[in-house]
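K.L.:
This is the structure alone, sequence omitted:
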C-alpha cells in the first residue's frame, strides 16, 4: 500500500524521496520519478514532511529511533506522519521520541485496501496537533477521500483497531451464513449477490464479492496481517480489563488458517471455514 500511495504523490507532482528495507521497492519508485535515501535519517535531512507505512510496532520504533532512524536528524518544523496500524502504546512511545526533536507527529492509520489506495479512496483517521493536520490537508486529500479527526494523541490508533475488530469477524460470520444457505439449497454466487443487495451490504463485502465468487484468495490484506491487528486490540483490551470474546474468536479462526499454512492468503479465505468441517459430513 505504501508503494501505491507513493505513486499517487508522484502523480500529484510531489517531490518525493523514498527509503525501504527492500531495495527493489526503492528501485521501482526511483524509476517512477522519486529520489532515494539510504535511511530514514537521511530522508529526514531533505524533507519537510516524512511519511511511513510499516508492518508492525517493531518496525515503527526502528523507523523512529533505530540505527539510521528519524531521531538522528528530525528537527523543529518538520512533520512525521505514520500511516501504519500499530498499538496505541507503541505509538505513544514514538510520540515522545518525535516531541524530543521538536517535530510534530500525526497518527494517520488508514482503512481500505491496495485497490482503494491506488484510487485515492482510502478513509484516513488522524490524531495529533490540529495545526499540523491543517498544514498537511492538501497532501491528505491526495492519499484518501476523507480524513476523520479523532483527537490530539492516540485516538486514531484506537479507531483503526476498533474498525479492524469488526473487519476480522466479517468473513467468519459470512462463512457461517453461506454454509447455512448452501444446506438450504441456495447457490453460492446468488447468495453473495443477495447479501450485497440487502440491509447487511457493506463496502467491504462489495469489494470482496468478486473474490468470494471466484474463490481467488490473492491477498489484498492477508490472514497474518489481520491476525496482527486483532492481537493489538486484544492486548490493549487486556490492559484495560475489557473482555472481547468475539474478537478472541476471530483470532482463533485466523490461527486455524495460519496453522494450515494459509496465513499469506487474503483474510476473506476465512469465510470457507465451515466447508472444512462439513467435508467430513457431506450431504
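P.N.:
Received the coordinates, thanks. Keep in mind that what you see is a predicted model, and the values were worked out from it rather than measured.

K.L.:
contacts, neighbours, all on C-alpha from now
P.N.:
OK.

K.L.:
Show me what the residue nearest to residue 112 when sequence neighbours are not counted is bridged to.
P.N.:
Closest residue to residue 112 apart from its sequence neighbours, by Cα to Cα, 6 or more residues apart in numbering: residue 122 at 5.2 Å. Per DSSP bridges, the residues bridged to residue 122 are residue 144.

K.L.:
Burial check on residue 122, number of neighbours?
P.N.:
For residue 122, the number of neighbouring residues by other Cα atoms under 10 Å comes to 24.

K.L.:
State the pLDDT value of it.
P.N.:
Residue 122 carries a pLDDT value of 95.

K.L.:
My guess is it contacts residue 143. True?
P.N.:
Yes: using Cα atoms under 8 Å, residue 122 is in contact with residue 143, at 6.9 Å.

K.L.:
can you tell me how far the residue nearest to residue 112 sits from residue 87?
P.N.:
Remark: distance between residue 122 and residue 87 (Cα to Cα, to the nearest Å) = 20 Å.

K.L.:
cool, residue 220 as well?
P.N.:
Distance from residue 220 to residue 87, by Cα to Cα: 21 Å.

K.L.:
mind listing the strands for the stretch 101-250 of the chain?
P.N.:
For the stretch 101-250 of the chain, the strands defined by DSSP state E, counting those that start in this stretch cover 104-107, 110-111, 122-127, 144-151.

K.L.:
can you list the ones you listed in JSON lines and add distance to residue 54?
P.N.:
Shown next, in JSON lines, are the strands of the stretch 101-250 of the chain (distance: least, Cα to Cα, whole Å):
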{"stretch": "strand 104-107", "distance to residue 54": "13"}
{"stretch": "strand 110-111", "distance to residue 54": "12"}
{"stretch": "strand 122-127", "distance to residue 54": "16"}
{"stretch": "strand 144-151", "distance to residue 54": "18"}
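
K.L.:
Kindly compare burial across the ones you listed and name the winner.
P.N.:
strand 104-107 (a mean of 26; mean count of other Cα atoms under 10 Å).

K.L.:
which other helices and strands contact that strand?
P.N.:
Strand 104-107 sits against strand 79-82, helix 88-100, strand 122-127, helix 130-135, with contacts defined as 3 or more Cα pairs under 8 Å, 6 or more residues apart in numbering; DSSP states H and E.

K.L.:
Could you dump the ones you listed into a markdown table and include distance to residue 247?
P.N.:
A markdown table is the format used below for these (distance: least, Cα to Cα, whole Å):
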| stretch | distance to residue 247 |
| --- | --- |
| strand 79-82 | 25 |
| helix 88-100 | 18 |
| strand 122-127 | 21 |
| helix 130-135 | 32 |
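
K.L.:
Can you read off the pLDDT for the nearest residue to residue 272 once chain neighbours are set aside?
P.N.:
Spatial nearest neighbour of residue 272, excluding adjacent residues (Cα to Cα, 6+ apart): residue 175 at 5.6 Å. Looking at residue 175, its pLDDT is 96.

K.L.:
228 is where my numbering starts, stick with that
P.N.:
From this message on, residue numbering opens at 228, which makes the last subject residue 402.

K.L.:
okay, now residue 402: neighbour count?
P.N.:
So residue 402, with other Cα under 10 Å, has 19 neighbours.

K.L.:
How about residue 420?
P.N.:
Considering only other Cα under 10 Å, residue 420 is surrounded by 16 other residues.

K.L.:
so what's it up against?
P.N.:
Applying Cα atoms under 8 Å, 6 or more residues apart in numbering, we find residue 420 in contact with residue 436.

K.L.:
Kindly report the same for residue 267.
P.N.:
Counted by Cα under 8 Å, 6+ apart, residue 267 has contacts 246, 290, 295-297.

K.L.:
One more: residue 477?
P.N.:
By Cα under 8 Å, 6+ apart, residue 477 lies in contact with 395-396, 399, 457.

K.L.:
and the two most separated of these?
P.N.:
399 and 457 (13.8 Å; Cα to Cα).

K.L.:
of these two, who's got more company?
P.N.:
More crowded of residue 399 and residue 457, by other Cα under 10 Å: residue 457, with 25 against 22.

K.L.:
where does the spatially most central residue of the chain fall, phi/psi-wise?
P.N.:
A centroid search over the chain (Cα atoms, centre = their mean) returns residue 312, at 5.3 Å, as the residue closest to the centre. Backbone dihedrals for residue 312, given as degrees, to the nearest 10, come out at phi -100, psi 110.
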